[in-house]
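Enquirer: got a predicted model here, sequence first, then my questions.
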Amino acid sequence: EVQLVQSGAEVKKTGESLKISCEGSGYNFNTYWIVWVRQMPGKGLEWMGIIYPGDSNTKYSPSFQGQVTISADKSINTAYLQWSSLKASDTAMYYCARRLTLSGYFDFWGRGTLVTVSS
Amino acid sequence: QSALTQPPSASGSPGQSVTISCTGTSNDVGGYKSVSWYQQHPGKAPKLMIYEVNKRPSGVPDRFSGSKSGNTASLTVSGLQAEDESDYYCSSYAGNNIYVFGTGTEVTVL
């Protein structure tokens, strides 16, 4: 069974750092890209960036370049999204999803990680 | 990269059809076959409903169909059912390994 298991909800203060994770199982993790998607409260989906765990090839949306870091550890089938200094505006649900190489769609999604940032 | 434009809402009675548009540019929707649609129920993760403009993943009812003309893609839900009430998002490849989502459409079954 394909699973993308995301880490649990986080409550942080502005200025703190954070790293959330997305662990894949039930499929060959190294043949799929992992994408990160933000959904702010009551808002739509925003594409943040994508990583190929096999070689850590990464691409960011211009809107998120420099704001977050996407990484992966293929040895443990896990992708990460991290912030060095959180802002209140980072409060959102963050989803990971997988994309098969050479395809253009996201066929399986994690359940999301809720990040709440307060001052 | 600007979000693709979708109508904020759409509605229909049970059994009727509803069509949602997704308008982009020649740099995204119009330039590639990689248009997909996602259904998101409140508090749930998105679910892939249509990929490559008009293909349905296994398990998605054939009431859901997709098409594209120029810079605009469309999702049609025929024979509306109560469980189709949800938010729907389109997505398109925009070149250089970048993707963009639509603004989202809330579908109401009257």
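Expert: Received, thanks.
Enquirer: could you point out the longest strand of chain B?
Expert: In chain B, with assignment by DSSP state E, the single longest strand is strand B:86-93.
Enquirer: hmm, that one touching chain A?
Expert: Yes: interface with chain A: strand B:86-93 contributes B:89, B:91-93 (CB under 8 Å from any CB of the partner chain). Every residue, glycine included, has its C-beta placed from N, CA and C.
Enquirer: list the helices and strands that strand packs on?
Expert: Counting contacts by 3 or more CB pairs under 8 Å, 6 or more residues apart in numbering or on different chains; DSSP states H and E, strand B:86-93 packs against strand A:45-52, strand B:18-23, strand B:35-40, strand B:72-77, strand B:99-101, strand B:105-109.
Enquirer: by proximity to chain A, which residue of chain B wins?
Expert: B:Ser34 (2.5 Å; CB to the nearest CB).
Enquirer: and for the residue of chain A found nearest chain B, the neighbour number?
Expert: Residue nearest to chain B within chain A: A:Gly104 (2.5 Å; CB to the nearest CB). A:Gly104 has 18 neighbours, counted by other CB atoms under 10 Å in any protein chain shown.
Enquirer: that one: what's it in contact with?
Expert: B:32-36, B:51-52, B:92-93, B:99 (CB atoms under 8 Å, 6 or more residues apart in numbering or on different chains).
Enquirer: so for the residue nearest to the residue of chain B closest to chain A when sequence neighbours are not counted, what's the pLDDT?
Expert: Distance criterion CB to CB, 6 or more residues apart in numbering or on different chains; nearest residue to B:Ser34, sequence neighbours excluded, is A:Gly104 at 2.5 Å. Note for A:Gly104: predicted pLDDT of 87.
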